[in-house]
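> Got a predicted model here, sequence first, then my questions.
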Amino acid sequence: MALKLSTNARITWCPGCPNGAILVAFRQAVEELVEQGKVRLENIVALSGIGCHGKITDYLNLNSFTSLHGRVIPTMTGVKCANPDLLVIGFSGDGDSFSEGLDHLLHAARRNSDIKLFLHNNQIFALTTGQVTALSPKGMKGKSTPLGSIEEPFDACSLVKQAGATFVARAYAGDIVKTKEVMLAAMTHKGFALVEIIQPCITFFDTRDYWQEQIKAGKVPLGIIHQETKPTFEEFL
Amino acid sequence: MEDSYGKVFTIGIGGAAGDGVREAGTTIGALLAALGYEIFSSFTYPSLIRGGHNFARVTFSKEKLASDHEKLDVLIALNAETVEIHRGELHDNVVVIDEPLVLMLEATKSLNAPAIARSSVALGATCYLLDLPIEKMLEILKRVFQGKNLEANIQLAGVGYDRLKTLNFRHTKKIEPGEGRKELVDGNTAFARGLLAAGLDFYIAYPMTPATSILHFLAMQQKTGKVKVIQPESELSVINLALGMSYAGQRVAIGSASGGFALMQEAFSFAGGAELPLVVAVSQRQAPATGVPTYSSQADLRFVIHAGHGEFPRIVIAPGDAEEAFQVGARALNLAWQYQLPVIVLLDKIVSEHSQTAVLDVSQIKVERGERIIPGTPEKIIKVTSYEHDENGISTEDPAAIKAMINKRFAKAETIRESLTGQETIKVYGDLTSENIIIFWGSTKGPVFEAVKYLDKPVKLVQVLWLEPFDSRKLAALLKNAKKIINIEANHNGQMAALVREKTGITVTDSILRYDSRPFSGAVLTEKLKTLLN
């Protein structure tokens, strides 16, 4: 039985954008979970923030909530508190969770809220046509930093782990099967899960060759980086 | 002048922060409520934890009181400064209970009790002075202290009582008690109890004076298992958490001072656009910015009726006392879920924190849940988005679809407007045939009610409860044949007067405005009204 997980909305990402690969990986992960009877379809809620990633909720025939820029995380915790039977998954961007609203991310990790955050990390504000974010590399030339960024970026995984996340993983959007597997591991983890998905922006900051070389050379750890078991915020509530 | 206030008695208690001024006021208030008096009790304090000057004022009478009275019949001075500060507020026959009279510190030292317990000496002395039963006071002290220095406080109250008994010192002014059956309650607690009565599931807030005591009260109510309370990292988190809860099917309310609500604007607009039900308590304090944190204001009327970017319907109701705060709390929750929109309950420091005798009748409250499909329903997909969207919740930039959605939301506003005749949008009191009208909203109700008790001319009183949608038709009919319309509110710009003109075309003849963060005094208002009405 194939689930109908697509909608009639026209996909408006740039042709070839790795966001499409993330969408495919997620639909496959949902299909597996539902078919294996691990979750009921109506109990899945997909949320997103604002940015290129945020369009994903329009393309999913699932319960969804497209939040405000930087505010997807508290909304996710709200949904989970309201109904602990729901599987709460949020999509966010590097601008949407690390530039705007970083406090929400760190606090949600600290309190081990039982929500799963899939971070589309393209290291740039793409929907606003190319400015630096808090995860952009130092020296990056964007439209607001024509002379090169003078700021050091955060390391997403280590920051969120430090804040108390009980699941931290990394995937590369170019590998759909492995991305799906990491997503499944996060979705079946009890507690706060972050999956950083490296998602090169092919229009404003094309890092495909760079990341593929780095991954081939074994310089970028992929898969589950950290996992531990702890009671969740919602269990205490 | 003195005679006209003969039926009202006011006790003031002053000291530094940390002297137990609030507790002493609460104890006297509870005693008088138990004896059947009508009470209005206020507490003023600067924004600090130790030192400064705290002042509790307990006014009581046989008849209902809407506000406290400035002139004092008894002043309990826990420090010498108190007498200096309040010298201008003393009635001619005032009794000052201070260190020289009752030797509070000496008594506490002899019992090895902490200095804070000295107020119990004054409380005992007050009992003898006013011929109130000391046993009842001791019962209340047992409730207030619950073991902590209880023995010392009880003994000290006895010392104070005996001291005045030895002097055979009784106050010349006697006040008969009222009918009783009422409780002494502050507006924030009453509002929170209204929410609970209407089936509140979650309350979420970040602390900010003067809304904080809603958070404190409801946090304690978690013990009943009926409500859950969360204090997250910021006001932005508060409202976005609430939107997630509302989407997932819980009845949720949030609360803050006006400044905290200012931080929530984008998400408030989202609630309006996405038609997510939500109750927001906004308690005004003196702004701009951090302003004067522990003092009052009515300068946020315009802010809340226009809050959030863009155009979307909302309801704004401003209760004027504790009983109205209770009813409006329940009504707000029902209206938000019935019409699927954000509802603001506009309070202020005075409604929020001052206490009065009231009847909060839970049996009058109905729970109206409206109809919402929530995630988790088989065969249903529920999509909510902050983008403009079509009827399936998919984002759209199509001009026809955008216009259709805005029309849909404002068609709902029209339905609400049509239902206003069934709502208590505007209350009218006093002489309904009078051509002299006093118009007011929110906590100004209290001092206006006290002021008109002492006027010799009949007046019609018009209280606007619903600020949005505005009941223009009803108000215009009420103001139509007026000779004088006197507007009273606590802001600089006369926001209500301007709103009345905008909505009805009627211009008020006079405005009495106060914007120094302090409450209106009924007695001062009486004098101003007398001048304007002559």
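Sure thing, it's come through. Numbers count the residues shown, from 1 in each chain, chains lettered A, B, ... in the order given.
> So what's the residue count around the residue of chain A found nearest chain B?
With C-beta to the nearest C-beta as the measure, residue A:78 is the residue of chain A nearest to chain B, at 2.4 Å. Glycine gets a C-beta too; all of them are placed from N, C-alpha and C. Counted by other C-beta atoms under 10 Å in any protein chain shown, the residues lying close to residue A:78 total 33.
> Then residue B:162?
By the criterion of other C-beta under 10 Å, residue B:162 has 14 neighbours.
> for residue B:342, same thing?
Considering only other C-beta under 10 Å, residue B:342 is surrounded by 31 other residues.
> Correct me if wrong: it contacts residue B:272.
Yes: Residue B:342 lies in contact with residue B:272 (C-beta atoms under 8 Å); the separation is 5.8 Å.
> Find residues that contact each of these two.
Shared contacts of residue B:342 and residue B:272, defined by C-beta atoms under 8 Å, 6 or more residues apart in numbering or on different chains, comprise residue B:314.
> re the thing from before, excluding covalently adjacent residues, which one is nearest to the residue of chain A closest to chain B?
Spatially, and ignoring its direct neighbours in sequence, residue A:78 is nearest to residue B:244 (2.4 Å; C-beta to C-beta, 6 or more residues apart in numbering or on different chains).
> Now the one you found: which helix or strand?
For residue B:244, the host element (DSSP states H and E) is helix B:235-247.
> now that helix: how far from the chain's centre is it?
Centroid displacement of helix B:235-247 relative to its chain, using C-alpha atoms, centre = their mean, to the nearest Å, is 24 Å.
> Counting by contacts, list what it packs against.
Under the contact criterion of 3 or more C-beta pairs under 8 Å, 6 or more residues apart in numbering or on different chains; DSSP states H and E, helix B:235-247 touches helix A:72-82, helix A:102-110, strand B:202-205, strand B:252-257, helix B:258-262, helix B:265-274, strand B:278-284.
> Might you enumerate the residues of chain A proximal to chain B?
When proximity is defined as C-beta under 8 Å from any C-beta of the partner chain, chain A approaches chain B at A:7-9, A:40, A:42-43, A:45, A:47, A:50, A:55, A:57-58, A:61-68, A:71, A:74-83, A:85-86, A:101, A:103-104, A:107, A:237.
> So how do I select the buried members of those residues in ChimeraX?
Buried residues within those, by 16 or more other C-beta atoms under 10 Å in any protein chain shown, are selected in ChimeraX with:
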select /A:7,9,42,43,45,47,50,55,57,58,61,62,63,64,65,66,67,68,71,74,75,76,77,78,79,80,81,82,83,86,101,103,104,107
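> before we move on, back to that, any idea of the angle the helix holding residue B:244 forms with helix A:102-110?
60 degrees (axes from the mean of the first three to the mean of the last three C-alpha atoms, to 10 degrees).
> Averaged pLDDT, helix B:235-247. What do you get?
The average pLDDT within helix B:235-247 is 98.
> Also stretch A:58-73?
Mean predicted lDDT for stretch A:58-73 stands at 98.
> What is the distance between it and the centre of its chain?
12 Å.
> Could you give the number of residues near the residue of the stretch 101-250 of chain B found nearest chain A?
In the stretch 101-250 of chain B, the residue that lies nearest chain A is residue B:244 (2.4 Å; C-beta to the nearest C-beta). Residues contacting residue B:244 under the criterion other C-beta under 10 Å number 31.
> how about the helices of the stretch 51-200 of chain B, start to end?
B:80-85, B:99-102, B:104-110, B:119-130, B:134-145, B:150-167, B:187-197 (DSSP state H, counting those that start in this stretch).
> re the thing from before, what sits against the residue of the stretch 101-250 of chain B closest to chain A?
Applying C-beta under 8 Å, 6+ apart, we find residue B:244 in contact with A:47, A:65, A:74, A:75, A:76, A:77, A:78, A:79, A:80, A:81, A:82.
> what's the model's confidence in stretch B:124-141, averaged?
Per-residue scores along stretch B:124-141 average to 95.
> residue ranges with poor pLDDT in the chain?
In the absence of a named chain, this looks at chain A. Where chain A drops to pLDDT under 70, the residues are A:1.
> um, chain B though
Low-confidence segments of chain B (pLDDT under 70): B:1-4.
> thinking again about what came up before, any chance of the helices of the stretch 51-200 of chain B in CSV, with distance to chain A too?
Shown next, in CSV, are the helices of the stretch 51-200 of chain B (distance: least, C-beta to the nearest C-beta, whole Å):
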stretch, distance to chain A
helix B:80-85, 42
helix B:99-102, 49
helix B:104-110, 43
helix B:119-130, 39
helix B:134-145, 31
helix B:150-167, 34
helix B:187-197, 17
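> Among those helices, single out whichever gets nearest to residue B:44.
For residue B:44, the closest of the helices of the stretch 51-200 of chain B is helix B:80-85, at 11.0 Å, according to C-beta to C-beta.
> Write out the residues of the stretch 351-500 of chain B neighbouring chain A.
B:374-387, B:393-395.
> In strands only, show me the residues you listed.
B:383, B:384, B:385 (DSSP state E).
> need the strands for chain A, in chain order.
For chain A, applying DSSP E gives strands covering A:44-48, A:63-66, A:87-93, A:116-121, A:167-172, A:193-198, A:223-227.
> List just the one of those strands that sits closest to residue B:347.
Nearest of the strands of chain A (C-beta to C-beta): strand A:63-66, 29.9 Å.
> mind listing what that closest one pairs with, with the direction of each?
strand A:44-48 (parallel), strand B:383-385 (parallel) (DSSP bridges).
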